[in-house]
Structures are given as structure tokens and as C-alpha cells.
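A.B. asks: What follows is a predicted structure for the sequence shown.
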Amino acid sequence: ASALLTNVGGQVNYVLQVVDLGCDVAVMFLFTAQEQWGSLMLAACVWMWTLLVSKSYFAFRGSEAPVPPLRMVAAAFGLAEMTDGDFSSDGYATFRLLHSVLRTSPLCLLKTYVLLMSTSAGMVSSVSEKVLITGIFVGLASEGVGVAYWERKMAGGVRAPEGFFAGVFVVRVLELASRCGVFALFAAVNGCERLGVLMAVDYLVLLGLIYRHGSINLLHSVCAAFPMVLVSVEPFLWAASAQALPKHLFYGRTLLEALMVFGMVFTFPAESYDHLAMHEPLVLGSLAATFSLYMTFPIFWRAAKRYQEAEEDGDDLGGLTAASAGAFTKTGETEEDRALMARVSKNPSISQDGL
């Protein structure tokens, strides 16, 4: 059942990625038609950056990327085949993660900003607006599924119910929606140049926190901090000591940043953000996503810690880990049998004859 669920999840993951790729291509055509050359160049740079980093990652590991983007698109039109192994492999989960955090997340921010500014300037048609909104929502879903699927594959042996990973998907979608909304609002009020300064400062703060935490070296810190400007990369189920930056520090930083931006937006003189009133749903959506994120994050963070502690407790019971305990309970033993096994694990001197 677990293998079937993994395979089905991988197929949903794949379909969303293909749709996300198609939406990104449509948005780039839209930028070309509207002669938004700056946005087009930024989108092209994000694509090239993603392809370069993902290819370099798999080359460094001595393997090929499991599902190249062109093959995925060809498979969507019946021109290539995708096997079950493509969907369930760890390589595909990692490939999907790289595209989620390196391509989908930055392009969601770009589309959100372009939608906000084009709408406020009266430069967007109803068709263009629909293309951008569709691209944003598909990107949010794609990034959420991609990261949650990778977390399920890379849980590090910690057992958690499937409902936990569905909750992780919700948290990831809210996280990206909040970050894109916060950064787009900041850029709308202060300009793209100051947004670049804010993100650069954010990166340096992240780099300092990651290096101070000490779980990875300086070179890895420089690389890990880039995607973490927008989204948290590492699984909730990893121990804090194994993460580049523990979740409470990451989300604490983003909360302070969100409060600063919202305070700036709502305390500046009215003429500084009159154009935001033309896109009030984005302002309200950003507030709602941010509020919902910080209401749900503590729930899943504490749940993840409980699953980690349960795994550690299982390791202490004579090697009876949560995984092996789960396998044992499938044989249909009773509560009395389980109590007896716990006694044996605590007192190895008890012999089989004694039992």
C-alpha cells in the first residue's frame, strides 16, 4: 500500500510539474507579447539557473537527472514514456525539489509582482490577468506537492501518518503564498531596487544563521541560503541538529520580516500605496496566508518533534525501532504479546524457556 501511494503521489507530482512548466511558458509568451523585456529576462535567468544547478547536482553525484524537463513534456503528449520507477525513485523526488525551490518559487514571486503592478497601472487585459493568476495558483500547488513529496521520501526513517504530509503540503503552500505576497507588496511600495536590497540582506542574515548553527560547512551554507530566502527546504521530520537552519529560527525570521513589511505598507503615507487599493485581494490574501501559516506551523512543528522522539524512544528499546515495531504489529499480535516483547527487550537475560 505504501509503495502504491508513493507511486500515485509521484504521478500527481509529475502531472503538476508538467502543468506548471506549461503555465511558465505561457507567462513568458505573455511577457513577450506585452514587451515586458525585464520580466522576460528574469524568467529566462531563473530557468537557466534551475537547469544549471539541477544538472550540476546530479553530475556531482555521478548520475543523470532522472526525468529531464523535455522528456516530461514529451511524455505529456505521448511522445515518450514514464515508468513507475521514474515516479517512485529518490532521484525524481530530489529533481522535483530542485525545480520547486529554484524555479517555481522565484517565478511565483515574479508573477505576483507583475500582476500587482500591471493591474494597478491598468496595463493588463482580462486574459493576461487570468494567465498570471492561473500560473500563480498552479505554481503554489506544484511547489507544495514537490516539497511535501520529497519530505515523505527523505523522512530519515521517522514514521509519520500520511495525514502529516498532507498537512506539510498546506504549510508549504501557505509559506510560499505568504513570502510572495510580502515581497511583492514591499516592491510595490518601495520599488524593485529596494526589494533586491531586502533580499540581499535576508540572504546574508540566513548565511550567518546557518553558519552559526554549524550543521554544514561554509561552502554548503552559501549554496543552501539561496533557495531559503523564499522557502524552507529541509523536512520537518529531520532533527534540528541535521538541518542547515532549524525550523523555529527560519520561521521566526520570516515572521519578523512579514511584520516589518506589513507595518511599512499600512503606516506609509496614503499616496505611497494608493495603487495597492486596486488590487486589494492580493493585500488581503497575503495577510490571510501569513496569519494562517503562523497558526498552522507550530502544530506541525510540534507533531514532527513528537514523531522524532517516538523514533528515538524506539531505538532505546533494545533496537526495537518504530519501523521494526510497525512491522511487528502487522503480524496480528495482541497487547499482551507486545507487553511481553517490551519486557524481553529490557531484560535480555530472560530465556526462551523462561517465556
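C.D. replies: Arrived safely.

A.B. asks: how about stretch 136-145: buried residues?
C.D. replies: Applying a neighbour-count criterion of 16 or more other CB atoms under 10 Å, the buried positions in stretch 136-145 are I136, V138, G139, L140, A141, S142, E143, G144, V145. Just so you know, the C-beta spots here come from the backbone N, C-alpha and C atoms, and that holds for glycine as well.

A.B. asks: meant to ask about stretch 253-272, not that
C.D. replies: R253, T254, E257, A258, V261, F262, V265.

A.B. asks: on contacts alone, who are the packing partners of whichever strand or helix holds S56?
C.D. replies: S56 belongs to helix 37-60 when elements are defined using DSSP states H and E. Under the contact definition 3 or more CB pairs under 8 Å, 6 or more residues apart in numbering; DSSP states H and E, helix 37-60 sits against helix 2-33, helix 90-99, helix 105-120.

A.B. asks: and A310, which of those is closest to it?
C.D. replies: For these, the distance to A310 is smallest for helix 2-33, at 18.1 Å, taking CB to CB.

A.B. asks: on that earlier part again, would you turn the helices and strands packed on helix 37-60 into a markdown table with distance to E311, mean neighbour count and mean pLDDT?
C.D. replies: As requested, the helices and strands packed on helix 37-60 are exported to a markdown table (distance: least, CB to CB, whole Å; neighbours: other CB atoms under 10 Å; pLDDT from 0 to 100):
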| stretch | distance to E311 | mean neighbour count | mean pLDDT |
| --- | --- | --- | --- |
| helix 2-33 | 17 | 17 | 78 |
| helix 90-99 | 20 | 21 | 81 |
| helix 105-120 | 30 | 24 | 86 |
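
A.B. asks: a markdown table for the ones you listed, including distance to S286?
C.D. replies: Compiled in a markdown table, the helices and strands packed on helix 37-60 are given as follows (distance: least, CB to CB, whole Å):
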| stretch | distance to S286 |
| --- | --- |
| helix 2-33 | 20 |
| helix 90-99 | 24 |
| helix 105-120 | 9 |
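
A.B. asks: For the residue nearest the centre of the chain, which residues are in contact?
C.D. replies: Centrality entry for the chain: nearest residue to the mean C-alpha point is V147, 4.1 Å, by CA atoms, centre = their mean. Listed by CB atoms under 8 Å, 6 or more residues apart in numbering, the contact set of V147 reads L97, S100, V101, V168, R172, V231, V233.

A.B. asks: can you check W47 too?
C.D. replies: D24, R103.

A.B. asks: Tell me the spacing between it and M295.
C.D. replies: 35 Å (CB to CB, to the nearest Å).

A.B. asks: where does the stretch 51-200 of the chain dip in pLDDT?
C.D. replies: The model of the stretch 51-200 of the chain has pLDDT under 70 over residues 61-89, 119-124, 156-157.

A.B. asks: Helices of that one, start to end?
C.D. replies: All helices of the stretch 51-200 of the chain, identified by DSSP state H, counting those that start in this stretch, fall at 69-76, 84-88, 90-99, 105-120, 126-153, 162-190, 192-213.

A.B. asks: Need those in TSV (columns: distance to Y307).
C.D. replies: Converted to TSV, the helices of the stretch 51-200 of the chain look like this (distance: least, CB to CB, whole Å):
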stretch	distance to Y307
helix 69-76	33
helix 84-88	22
helix 90-99	19
helix 105-120	26
helix 126-153	12
helix 162-190	7
helix 192-213	22
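
A.B. asks: Could you pull up the contacting residues of D202?
C.D. replies: Contacts of D202 by CB under 8 Å, 6+ apart are V229, R253, E257.

A.B. asks: Those in helices, which ones?
C.D. replies: R253, E257 (DSSP state H).

A.B. asks: residues contacting the closest residue in space to V138 that isn't next to it in sequence?
C.D. replies: Spatially, and ignoring its direct neighbours in sequence, V138 is nearest to C23 (4.8 Å; CB to CB, 6 or more residues apart in numbering). By CB under 8 Å, 6+ apart, C23 lies in contact with V131, T134, G135, V138, G139.

A.B. asks: Reformat those as JSON lines; add distance to A224.
C.D. replies: Formatted as JSON lines, those follow (distance: CB to CB, whole Å):
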{"residue": "V131", "distance to A224": "33"}
{"residue": "T134", "distance to A224": "31"}
{"residue": "G135", "distance to A224": "27"}
{"residue": "V138", "distance to A224": "26"}
{"residue": "G139", "distance to A224": "22"}
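
A.B. asks: Among those, which one sits closest to A200?
C.D. replies: Taking CB to CB as the measure, A200 lies nearest G139 of those, at 23.4 Å.

A.B. asks: ok, the residue nearest to the closest one when sequence neighbours are not counted - contacts?
C.D. replies: Once flanking residues are discounted, G139 sits nearest to C108: 4.2 Å by CB to CB, 6+ apart. For C108, the contact set (CB under 8 Å, 6+ apart) comprises G135, I136, G139, L140, E143, L176, C180.
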